[in-house]
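Trainee: predicted model follows, preceded by the sequence.
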Amino acid sequence: MTRLSVNINKIATIRNARGGNVPDLLQVAIDCQRFGAHGITVHPRPDERHIRYQDVFDLRPLVHTEFNIEGYPSKSFIDLVIKAKPDQVTLVPDPPGAITSNAGWDCIKNESFLNEIISEFQGAGIRTSIFIDTNPENIGSAARTGTNRVELYTEPYAIQFPVNKETAVAPFIEAARIAILNGLGLNAGHDLSLENLKFFNHMVKDLDEVSIGHALICDALYFGLENTIQMYLRLLD
C-alpha cells in the first residue's frame, strides 16, 4: 500500500491567523496518526507564516509514524533538520517568498550542491528525497546526487487530469520507471486530491508515499478529519 503523509501546514496557517493555539497543531498531528495516516509532513519557511521552527521541535516527540520535513536547504533549514532529526527530509527549490512549491529541482545544474547537502543529512541518519519533475535526465542526475528517493511534482498531472487523465499520467509512469531503474525510492505530491489520487496511484507503479496537505485539509472542512483521512487511505489501498 502506498503510504499517506499528511501535510499540516494549513492547520498552522489557520492557527497563526488569530495568534493563539486554535487549532492545536500538535493535537492535529496526534489525531492524524490516530486516524490512520502513515506520516506527518511539515514545510517550515523562513518567514514562519505557517509552520514555525519551534513547531518542528514540539512535533518531533509526538510523531511516532514518519516525520518528513520539507524545505529549501538554507543554513538555518539544515541546522533545524540536523537538530530535529526527522525520518525524512525533502529538498525543494523554493525561493524564500514562494507561496507554495511550484517547480522541481534542476538537478543537472545543482547536482554538486545537492550531493553535498544530501551527504550531510545522510551522515546524520536522515533519509533524503528530492522534489523533482518528470524529465528523465533530471531523474538520472538526481540518482547521481546519492539521494534515497525523489518526490514527483504532480501539479502538471492535476491540471491535465480533468482534460485527459491518460495523457496527464503518462510522463509520471515513465518517470517512475526510470527512478526505479536508477535505484531510487518514489514519493509524489502537490495537488493530489480525492478526484485524481486513485488513478495516479493505480497507474504509477512502486509508489512509496504521497504527501497531501491543501486538498486533504479542505476536504476535512466538509467531511471531518478522521473521515477524510480514511477516504484518502481507501484510494491508496
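Mentor: Good, I have the coordinates. Numbering: from 1, shown residues only.
Trainee: now the strands for this protein?
Mentor: Taking DSSP state E as the criterion, the chain carries its strands at 3-7, 39-42, 67-71, 88-91, 127-132, 149-153, 185-189, 209-212.
Trainee: what bridges to the most centrally placed residue in the chain?
Mentor: Centroid-nearest residue in the chain, with CA atoms, centre = their mean: Ser211, separated by 4.2 Å. Beta bridges link Ser211 to Ser5, Gly189 when assigned by DSSP bridges.
Trainee: pull out the buried residues from stretch 12-30.
Mentor: Ala12, Arg15, Pro23, Leu25, Leu26, Val28, Ala29, Ile30 (16 or more other CB atoms under 10 Å). Where C-beta positions appear, they are placed from N, C-alpha and C, glycine not excepted.
Trainee: just stretch 49-60 next, same as before
Mentor: Quick answer for stretch 49-60 (16+ other CB under 10 Å): His50, Ile51, Arg52, Tyr53, Asp55, Val56, Leu59.
Trainee: and stretch 32-41, how far from the chain's centre?
Mentor: From the chain centre to the centre of stretch 32-41 is a distance of 13 Å (CA atoms, centre = their mean, to the nearest Å).
Trainee: tally of neighbours for Gly125?
Mentor: Residues lying near Gly125 (other CB atoms under 10 Å) number 8.
Trainee: name the nearest residue to it, ignoring sequence neighbours.
Mentor: Leaving aside its chain neighbours, Gly125 sits nearest to Lys85 (7.0 Å; criterion: CB to CB, 6 or more residues apart in numbering).
Trainee: what is the top helix by length along the chain packed up against?
Mentor: In the chain, assigned by DSSP state H, the helix with the most residues is helix 165-181. Other elements packing on helix 165-181 under the criterion 3 or more CB pairs under 8 Å, 6 or more residues apart in numbering; DSSP states H and E are helix 136-144, strand 149-153, helix 155-160, strand 185-189, helix 197-203.
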